[in-house]
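Visitor: here is my input, please return the structure:
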Amino acid sequence: MATFSHDDIVSLLDRTTDRDGWLTPMLEDADGSAALGALIEQFVRMGRAMDYTSLVGFISSAPGGGVGTSVVTMSRPSSGTSGTIPVGYRFIDDRGVVAVVATPVAVASGDLTAQIPVETLRQTEAVNTDDDSTLAVVPDAGVVLDSLGTTALLAPVGNPAIVATTLQTVTATTLILGGASDWLAIHGKERGQIRQAGEDTDSYRARVRNIPDAVSPRAIGQAIQAAASRGGLPLFQVLEPFPDLASASVKDPLGLGSFAPFYLDDAVEGFAGDYLAELVDRRDATAYFRVSATAPLVDPALDGMFLDFSFLDDPDLGFLDTGTDPNVNSALMSLWTDVNAKKAAGVAFDVFTQEAVREVGAGSSSSGSDTVVWTLTPGAGKTWLYVDGYFGHGFNSAPLPTSLPFPASLHKIRFTFDDASTFTTVAFSFLWEERITLQNYVGQGIQQRPITKVEGIVASDGTHPVNLVGVLFVVELA
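Guide: Numbers count the residues shown, from 1 in each chain. A predicted model of the protein is given here:
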């Protein structure tokens with residue numbers, strides 16, 4: 001939008017008013033000319049302000065941010081010293097606007113003046129005016145020495161190091177022009193498009209202008225894979241609790257798919273219901289999807305796997321996430337944040353660091369010595385990483401023992417690792433389930449070692465049958 005200048009407005013008055021009876025006498029009188037000029041100047045400034053206000057409201061014209069620039073001319077009474085005014089040397093005006101030297105300025109020994117290019121320290125439109133005050137060296141600025149390092153070349157007013165060859169007087173300052181706030185970034189933030197470090201204004205304007213795909217599974221899949229790639233994470237799948245008819249050529253590159261939900265409720269499974277917080281029983285009657293890693297995450301701090309069944313669920317259950325490495329946690333948090341920004345309002349989701357497999361073992365024995373009653377093994381050529389497990393034994397006889405104390409009975413769990421070494425838990429004699437977590441046996445390192453076999457062992461009194469049930473959650477490795 002074109003802005004009227006002083007001459008434009010005078011020309012308009014000349015064409016539309018009584019030139020000889022009013023305008024010419026006004027302009028020929030000193031006081032009248034000054035009064036009319038001041039009034040015209042108000043309209044000029046108002047036009048510029050209106051132009052600026054109209055520009056910032058549109059993505060195509062909104063300023064992308066920029067510092068104001070000016071040239072400060074300084075003089076000295078005598079020549080004779082040379083040197084360089086460094087980048088970053090600070091000036092200030094009486095409004096508090098700080099400007100710094102933009103490029104090194106060489107001063108020759110014969111120069112009595114120096115033109116110093118400066119730029120404002122902050123991006124702001126407030127200094128882009130027609131009556132900027134004179135800049136001066138910041139009072140607490142240091143002394144710039146000459147090339148010999150002995151005499152002050154430039155110093156603040158009043159500094160005792162000033163001599164006749166020191167640049168000490170500001171003789172001129174050009175108007176500070178070009179400063180503008182980054183209104184484009186405000187438009188971008190409203191659209192969820194944050195300006196990246198080092199991104200130029202033209203490319204950022206193009207991103208803001210073209211609204212990205214959002215909400216759709218395809219958009220979410222693209223955001224997830226991008227976030228995983230940035231954070232050094234494996235690929236993730238985006239799984240909905242129902243299949244759709246979209247083409248595999250569209251879904252597969254983005255990890256889109258479905259899963260078959262299964263329901264666990266406290267009234268049915270007891271201890272297992274609370275643990276599996278990701279299950280769809282708490283998502284009923286809502287739109288829901290799950291984001292699941294396709295491979296185990298490596299935790300550099302433990303030199304092992306980052307095992308936390310569902311990321312960001314643990315605070316809801318009253319304890320912190322199990323991962324310790326800040327790089328893994330920050331990468332997962334970035335992924336979670338990107339998904340949360342893309343998804344539609346009211347849609348629930350969970351991020352799974354790795355799908356745990358549920359394995360169940362059951363068996364019984366009446367032998368009075370340790371007897372293996374069930375054995376669980378991975379598929380051919382595979383191993384397991386242990387995540388969690390619940391185990392319990394009871395009597396399997398009719399009628400059940402009723403006398404106290406009950407006949408002696410106990411159970412143990414034995415893990416066999418890929419190097420053929422084994423670890424056996426202590427003997428449990430209680431007639432209720434216990435949970436064997438990673439933290440229980442951190443000294444044995446079972447959370448870091450691939451497992452090839454898990455066995456359930458019971459011992460009875462030699463008469464009464466005792467059964468043992470184990471529910472394991474493991475991650476299968478190729």
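
Visitor: now the strands for the stretch 251-400 of the chain?
Guide: Per DSSP state E, counting those that start in this stretch, the stretch 251-400 of the chain has strands spanning 256-258, 288-293, 297-299, 304-306, 348-352, 357-365, 371-376, 383-395. These are given in chain order.

Visitor: adding distance to residue 471 and mean pLDDT as columns, could you present those in a markdown table?
Guide: Backbone N, C-alpha and C define where each C-beta goes, glycine included. A markdown table is the format used below for those (distance: least, C-beta to C-beta, whole Å; pLDDT from 0 to 100):
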| stretch | distance to residue 471 | mean pLDDT |
| --- | --- | --- |
| strand 256-258 | 25 | 85 |
| strand 288-293 | 21 | 83 |
| strand 297-299 | 24 | 63 |
| strand 304-306 | 21 | 47 |
| strand 348-352 | 19 | 81 |
| strand 357-365 | 5 | 88 |
| strand 371-376 | 10 | 96 |
| strand 383-395 | 5 | 79 |
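
Visitor: out of those, the one nearest residue 337 is which?
Guide: Among the strands of the stretch 251-400 of the chain, strand 348-352 comes nearest to residue 337, with 10.5 Å by C-beta to C-beta.

Visitor: dump the residue contacts of the nearest residue in space to residue 90 that is not next to it in sequence.
Guide: Leaving aside its sequence neighbours, residue 90 sits nearest to residue 138 (C-beta to C-beta, 6 or more residues apart in numbering; 4.2 Å). Neighbour list for residue 138: 90-92, 98, 156 [criterion: C-beta atoms under 8 Å, 6 or more residues apart in numbering].

Visitor: residue contacts, residue 73?
Guide: 113-116, 170-173.

Visitor: mind redoing it with 7 Å?
Guide: 113, 115, 171-172 (C-beta atoms under 7 Å, 6 or more residues apart in numbering).

Visitor: and if you look at residue 106?
Guide: So residue 106 contacts residue 84 (C-beta under 7 Å, 6+ apart).

Visitor: how near is it to residue 39?
Guide: Distance of residue 106 to residue 39, computed by C-beta to C-beta, to the nearest Å: 46 Å.

Visitor: quick one: the lengthiest helix in the chain to chain centroid distance?
Guide: Longest helix of the chain, by residue count under DSSP state H: helix 30-56. For helix 30-56, the separation from the chain centroid amounts to 45 Å (computed by C-alpha atoms, centre = their mean, to the nearest Å).

Visitor: I'd like the next helix or strand past it.
Guide: The C-terminal neighbour of helix 30-56 among helices and strands, as given by DSSP states H and E, is strand 64-75.

Visitor: that following strand: how far from the chain's middle?
Guide: 34 Å.

Visitor: just for the stretch 351-478 of the chain, where's the confidence low?
Guide: 354-356, 395-407, 430-434, 437-448, 478 (pLDDT under 70).

Visitor: quick one: secondary structure of the nearest residue to residue 341 once chain neighbours are set aside?
Guide: Of all residues not flanking residue 341 in the chain, residue 192 sits nearest, at 5.9 Å (C-beta to C-beta, 6+ apart). Put simply, residue 192 is coil when judged by DSSP: H, G, I helix; E, B strand; the rest coil.
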